[in-house]
Structure formats: C-alpha cells, structure tokens
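Asker: 3D model of this:
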Amino acid sequence: MRDKEDGRVDSSRRTWLIATSVAGGIGGVATVVPFVSSFAPSAKAKAAGAPVEVDITNLKPGEMMTVAWRGKPVWIVNRTDEMLADIKKADSEVADPNTEKPFSMPDPEYCKNEYRSRPDHKNLFVAVAVCTHLGCTPTPRFQEGPQANLPDDWPGGFLCPCHGSTYDLAGRVFKNKPAPQNLDIPPYMFTTATQLVIGKDEKGEA
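Answerer: Down below sits the predicted model:
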C-alpha cells in the first residue's frame, strides 16, 4: 500500500511484489523447458535405439561423417563415382559379395545390391562402424594403391587397426581376414534430399 504522505510504495508491499514476480517468471520457464526438450529423444532413449536424424547438407563427395546410434558409431560416406567403381573392382576379392551371411542384422531389402545402399541414393553409404571380428572401429583408407598395412592393389575402403581386417567401400570384408562377416547396414530412410533418419525406415523403427 502507498504511504499517504509521500505516495511511495510501502517496503513490505514492495518486497511481496518482487517475490511474486520472480516466482511467476520461474514458473513460466519451468513449463516451457520440458515442452521444448520433449521434441528430442533423451540420452536414455538414444541409447535404447531411438532413431537419429542427420543433416548431410555439408557432406561433400569423398567425405565421411560419423554419428552415434544405439551407442555405436555409424558412418555416412558420400561416395564419388570413382569410389563406386572401386566397389566393382573388389567384387572378386571380398568374402561375401552379396552379404548372404549377415553379422548382427540382415541388410535392409533396399540395400541388397552391390553398393549396399538405397538405389535412389547409391552414392551414400550408411554402415555401423564396428568390425565384425572383435568390435574395434575400422579407419577410412579411401586412397587407392600401395600404402602402409595394405596390399599394393588396394582399391580403397576401411582398415581395422586391431587385427588387420579390411573392408571395401561397401563394407564388405576381404577374403582371408580375421573378420568373418560384412559390416552391418542399419535401417535408414531419407526424409528430404539432405536429411536422413538412422534406425527407422518405411517399415517403422528398428
């Protein structure tokens, strides 16, 4: 209430007004934050296998990016025409060219082809980056030709640093290597030309 003589707000009244305003502001924030955070999967949900949305707008030809799905690294490689040609060169050198013996999950129907990718985006390779031998993460060795720890006729692909298993640019393991199977291909789908979802496709979530 106001002091009748000078019109100033009584100190006790002023304190009450401030406290009420602050409490109201905090309440407003508390109701907004949970609503906004509900749009994205929680860390627990992601670990359990929630789909992961990926923007590949800046993924240039010949480049690779890595995202996490189900606690594992997943590669997305934008393969060039030359890299696709290298896959054909490797056909006779890989142990299971048609992935008849999958590792922990069968290839999605749309990836049952030489490039192990969706036909309408055959340049984009999506694979779980876990070696099928003992679970190490292979490293990209895209350059062709002789180089350390690789054969002189190397066509480009991936090398596991743990025990020397090698994979071509479609994630198919080469013959006579410790790894017994090809790399896993997770279910995935494109929502736009530059957005894809890993862990979900037209049939639903994995």
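Asker: so Pro61 sits right up against Asn123, yeah?
Answerer: Yes: in this structure, Pro61 is within contact of Asn123 by CB atoms under 8 Å, at 7.4 Å. The way it works is simple: take the backbone N, C-alpha and C, and place the C-beta from them, glycine included.
Asker: who's more crowded, those two?
Answerer: Asn123 (15 against 12; other CB atoms under 10 Å).
Asker: before we move on, back to that, which neighbours do Pro61 and Asn123 share?
Answerer: Applying CB atoms under 8 Å, 6 or more residues apart in numbering, one finds that Pro61 and Asn123 are jointly contacted by Asn78, Arg79, Thr80.
Asker: quick one: which of those residues has the most company?
Answerer: Busiest of the shared contacts of Pro61 and Asn123 [other CB under 10 Å] is Arg79, holding 24 neighbours.
Asker: Look up the pLDDT of the closest residue to Thr137 other than its chain neighbours for me, please.
Answerer: Distances taken as CB to CB, 6 or more residues apart in numbering put Ala129 closest to Thr137, at 5.1 Å, once the chain neighbours are dropped. Note on Ala129: pLDDT of 97.
Asker: List the residues that contact Ala129.
Answerer: Ala129 sits in contact with Thr66, Lys72, Pro73, Val74, Trp75, Thr137, Pro138, Leu183, where contact means CB under 8 Å, 6+ apart.
Asker: Give me the phi and psi for it.
Answerer: Here is the backbone geometry of Ala129 (degrees, to the nearest 10): phi -90, psi 60.
Asker: Identify the residues contacting Ser165.
Answerer: Counting by CB under 8 Å, 6+ apart, Ser165 has contacts Cys131, Thr132, His133, Pro138, Leu159, Val173, Phe174, Lys177, Pro178, Ala179.
Asker: phi, psi of it?
Answerer: Dihedral pair for Ser165: phi -70, psi 140, per degrees, to the nearest 10.
Asker: re earlier: any chance of a markdown table for the shared contacts of Pro61 and Asn123, columns secondary structure?
Answerer: Listed next are those as a markdown table, based on DSSP: H, G, I helix; E, B strand; the rest coil:
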| residue | secondary structure |
| --- | --- |
| Asn78 | strand |
| Arg79 | coil |
| Thr80 | coil |
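Asker: can I get those in CSV with distance to Val94?
Answerer: Converted to CSV, these look like this (distance: CB to CB, whole Å):
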residue, distance to Val94
Asn78, 21
Arg79, 16
Thr80, 20
